[in-house]
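J.: Predicted model follows, preceded by the sequence.
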Amino acid sequence: MFSFLNQFTKFEKCILLVIVAIYSHNLFLDVMAVDAAQYASISAEMSKTNSYLEVKEFGTDYLDKPPLLFWLSSMSISLFGVTNIAYKLPSFLFLLFSLYALYRFCVLYYDTKVAKNAVLILGTTQSYFLMTNDVRTDALLTSSVIISCWFFAEYFTYRKFKNLLFASIFIGLAMLAKGPIGIVTILFPIGIHLIYKKQWKQILSFQWLFVGLIVALVLFPMSYGLYHQFDLQPEKITHGIKGQKGLYFYYWLQSFGRITGESVWNNNTPWHFFIGTSLWDFFPWFFMLLFALYYKTKSLFFNKEESTEIISFIGFTCLFFFLSLSKYKLPHYVFVTFPFAAILVADYWSKISLKNIGKWIIVNTSLGYVVLLLLIIYPILFFKENYVIVIFLVLLQVTLLFFFKNKFENLIIKCISPIIVLNLFMSFIFYPKLVTFQSDAMAAKWLKENHPLEKVAIYNKPSHLFNFYLQNPFTNVVTKEDLHKNNKKTWLYIHEEDLKDIEKLNLKIISKKAFKQYRITILKLNFLLESKRKEVLNYRYLIQIDK
């Protein structure tokens, strides 16, 4: 499997090593609220209860995301304990495998140069760095899609049965990761490719019955659990709705209902929402992607050149369009199209002249200067610490900007260096500081370290992060009435707005510790600027109470 690395130069291997080092360090960073914290908490709860077929959240029925992430992460937690790395490890391994699959897919249709560049491009997109840190369902979906497409391409090339089997399994895993969108993102580009190549025997073959059977077998455990948890119990009230049908929810409403309008989820995002978010999520390759799309469209429809494959073109353009039709959009929904985008960019890169490559070097060098400026102003305006690491990164960026010049083999490094240095900064400096403003996690870790055996409860509102880092998915949630009956010393985790109500009760507050709170997934300038930060911070407290 690792023999493909022999095709990379020493420079390229160094880049891959740094990429994997950043991915690996991201595994140790704290889980972020809201989605990743919820999924980590559910995974930890599943590990405790072994309730794999019926997913629970705080002990109640959960009906939202398919269970693959919970299954894999809960098994990892059972092996390695309730830790950041245990929750993130399965997604990390899937992402690494997806880069290998991308290489193997590309060498079937292109030369090794395109394959190598596609791996370097996808591996350095901001989305891949994000998916190893803020772990949601998208890492599993994105990986399963490109892996399945690779196995299908292998099957159509060599006609080996095992490739069709694995392609089918990964369709099922893609659906277990995020629902029916998984099968659409695989079979739609594969189907259009077969039509484009006029491979009618492949299209009309009985092999698709086998694919359907394997996919059904992979989906059976989830379907069985949904049927027993919801469909057989119509009296249940889930999310305020009586008689929710689990099978209908997963196989239609959750995905297609957002396009048809049947789903209640609607955040009123414009049709061009993903174009704006991809500017960051596909950074630093977004502008090159626009030219790659223009080049590919022109060659296919105007120059009438036959392409070796159009899976990547259809996989990006059509899926990007379909996702843009959804009435509820979040930036990470479009990550699944990025492996296809990386192929388009790599193909474009291989066909443009050295003169045009030089123009892109200028663009990316400009981005390098922006990164250098960010590193310089960071300890001045934002967080005044980590000077040693910041100085090292400044020197590294200066070296990359001024000493890798005029050599063709260094051109890819000139393009990649800004995102590498940026994510070294984010992984080792920015994110470690940022997560200290997640009060739920900080409070739970402080309590676990200093008072691990003492009684603890949460006031009014349950917390995924607090439960995860306390390593107790069943932390008691109490109300004001419960506190009246309390007759033992108890640590109480409480929001700032509720603290005054507690202080009015006839309770003795033995000790109190404050924790800074900010929603770090929605950053604003007033928070980032040290001079303004106090204006936007909230506080949450751990108080020890007694009668």
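T.: Received, thanks.
J.: give the contact list for residue 141.
T.: 174, 177, 178, 181, 182, 185, 335, 336 (CB atoms under 8 Å, 6 or more residues apart in numbering). Where you see a C-beta, it was placed from the backbone N, CA and C, and this is true even at glycine.
J.: One more: residue 374?
T.: Contacts for residue 374 (CB under 8 Å, 6+ apart) come out as 422, 425.
J.: any idea which element it lies in?
T.: For residue 374, the enclosing helix or strand under DSSP states H and E is helix 354-377.
J.: buried ones in that helix?
T.: For helix 354-377, burial by neighbour count (16 or more other CB atoms under 10 Å) applies to 360, 361, 364, 365, 367, 368, 371, 372, 374, 375.
J.: cool, and stretch 455-470?
T.: 456, 457, 458, 459, 463, 464, 465, 466, 467, 468, 469, 470.
J.: Could you measure from the last one over to residue 538?
T.: Think residue 470. For residue 470, the distance to residue 538 (CB to CB, to the nearest Å) stands at 20 Å.
J.: Skipping its backbone neighbours, what lies nearest residue 474 in space?
T.: Nearest non-adjacent residue to residue 474, counting by CB to CB, 6 or more residues apart in numbering: residue 59, 6.8 Å away.
J.: Tell me the confidence at the one you found?
T.: Turning to residue 59, the model gives it a pLDDT of 88.
J.: Closest to residue 439 out of the contacts of residue 141?
T.: Closest approach to residue 439 among those (CB to CB): residue 335, at 28.7 Å.
J.: got a list of what the residue lying closest to residue 361 once chain neighbours are set aside touches?
T.: Spatial nearest neighbour of residue 361, chain neighbours left out: residue 414 (5.0 Å); criterion: CB to CB, 6+ apart. Contacts for residue 414 (CB under 8 Å, 6+ apart) come out as 361, 364, 365, 368, 400, 404.
J.: now the host helix or strand of residue 414 against helix 354-377, angle please.
T.: Per DSSP H and E, residue 414 falls inside helix 411-425. If you take axes from the mean of the first three to the mean of the last three CA atoms, to 10 degrees, helix 411-425 sits at 20 degrees to helix 354-377.
J.: And helix 411-425, what's buried?
T.: For helix 411-425, by 16+ other CB under 10 Å, it's 411-425.
J.: before we move on, what about stretch 36-53?
T.: For stretch 36-53, a neighbour-count test (16+ other CB under 10 Å) marks 36-48, 51-53 as buried.
J.: Let's see the pLDDT reported for the nearest residue to residue 384 once chain neighbours are set aside.
T.: By the measure of CB to CB, 6+ apart, the closest residue to residue 384 outside its immediate chain neighbours is residue 530, 6.6 Å from it. Reported pLDDT at residue 530 in the predicted model: 90.
J.: need the strands for the stretch 201-350 of the chain, in chain order.
T.: Here the stretch 201-350 of the chain has its strands, by DSSP state E, counting those that start in this stretch, at 237-238, 241-242.
J.: Pull the residues that contact the first one.
T.: Read that as strand 237-238. Strand 237-238 has contacts (CB under 8 Å, 6+ apart) with 61, 63, 230, 244.
J.: Name every strand pairing with that strand and say which way it goes.
T.: Strand 237-238 sits in its sheet next to strand 241-242 (antiparallel), going by DSSP bridges.
J.: before we move on, the earlier item: pLDDT on the helix holding residue 374, on average?
T.: The pLDDT scores in helix 354-377 average 83.
J.: Equivalent analysis for stretch 238-245, please.
T.: For stretch 238-245, the mean pLDDT works out to 72.
J.: now do stretch 275-288
T.: For stretch 275-288, mean pLDDT rounds to 90.
J.: hang on, the earlier thing: dump the C-alpha coordinates for the next helix or strand along the chain from the helix holding residue 374 into PDB.
T.: Per DSSP H and E, the first helix or strand lying C-terminal to helix 354-377 is helix 387-403. C-alpha atoms of helix 387-403 as PDB (Å, rounded to 0.1, in the frame of the first residue of the first chain):
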ATOM      1  CA  TYR A 387       6.400  34.100  21.000                       C
ATOM      2  CA  VAL A 388       9.000  31.400  20.400                       C
ATOM      3  CA  ILE A 389       6.700  29.300  18.100                       C
ATOM      4  CA  VAL A 390       5.500  32.500  16.300                       C
ATOM      5  CA  ILE A 391       9.100  33.600  15.700                       C
ATOM      6  CA  PHE A 392      10.000  30.200  14.300                       C
ATOM      7  CA  LEU A 393       7.000  30.200  11.900                       C
ATOM      8  CA  VAL A 394       7.900  33.700  10.800                       C
ATOM      9  CA  LEU A 395      11.400  32.600  10.000                       C
ATOM     10  CA  LEU A 396      10.100  29.500   8.200                       C
ATOM     11  CA  GLN A 397       7.700  31.600   6.100                       C
ATOM     12  CA  VAL A 398      10.400  34.100   5.200                       C
ATOM     13  CA  THR A 399      12.600  31.200   4.100                       C
ATOM     14  CA  LEU A 400       9.900  29.700   2.000                       C
ATOM     15  CA  LEU A 401       9.100  33.000   0.400                       C
ATOM     16  CA  PHE A 402      12.600  34.100  -0.500                       C
ATOM     17  CA  PHE A 403      14.800  31.000  -0.900                       C
END
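J.: Thanks a lot, catch you later.
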